[in-house]
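Trainee: Turn this into a structure:
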Amino acid sequence: MVGPSLTDEEKRSASLQFKLVFVLVVGVSAAVLALQVQGSLVQVAATGVGGLLVGWILIAYLSHIVPSNGRYD
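Mentor: Now for the predicted structure:
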């Protein structure tokens, strides 16, 4: 039988990278939406920061409800 292809450290690193990219995508998409509706620079920046906060809250919530091994055995 073949063992796991990733070590625990590699899994943690990949999980952290996924979480960071997810938060950035949510934040950037919020800022782009503000740009599309022709918001001022302050509004775009505030929306981007708000989007980052929402992304972080989403990741915190999902990390809380999903077990660390990703399975509901």
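
Trainee: next structured bit after the lengthiest helix in the chain?
Mentor: Ranked by number of residues, the top helix in the chain under DSSP state H is helix 8-36. Counting by DSSP states H and E, the element after helix 8-36 in chain order, helix or strand, is helix 41-65.

Trainee: related to what we said a few turns ago, give me the mean pLDDT for the longest helix of the chain.
Mentor: Mean pLDDT, helix 8-36: 94.

Trainee: And stretch 49-63, by the same measure?
Mentor: Averaging pLDDT along stretch 49-63 gives 95.

Trainee: Which positions within it qualify as buried?
Mentor: Buried residues in stretch 49-63, counted by 16 or more other Cβ atoms under 10 Å: 51-52, 55-56, 59. Every C-beta, even on glycine, is put in place using the N, C-alpha and C of the backbone.

Trainee: and the residues you listed as JSON lines, adding distance to Val42?
Mentor: Formatted as JSON lines, these follow (distance: Cβ to Cβ, whole Å):
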{"residue": "Gly51", "distance to Val42": "15"}
{"residue": "Leu52", "distance to Val42": "16"}
{"residue": "Gly55", "distance to Val42": "20"}
{"residue": "Trp56", "distance to Val42": "21"}
{"residue": "Ile59", "distance to Val42": "26"}
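
Trainee: Going by distance to Gln38, which of these wins?
Mentor: Gly51 (17.4 Å; Cβ to Cβ).

Trainee: I figured that closest one hits Ala30, correct?
Mentor: Yes: counting by Cβ atoms under 8 Å, Ala30 is a contact partner of Gly51 at 2.7 Å.
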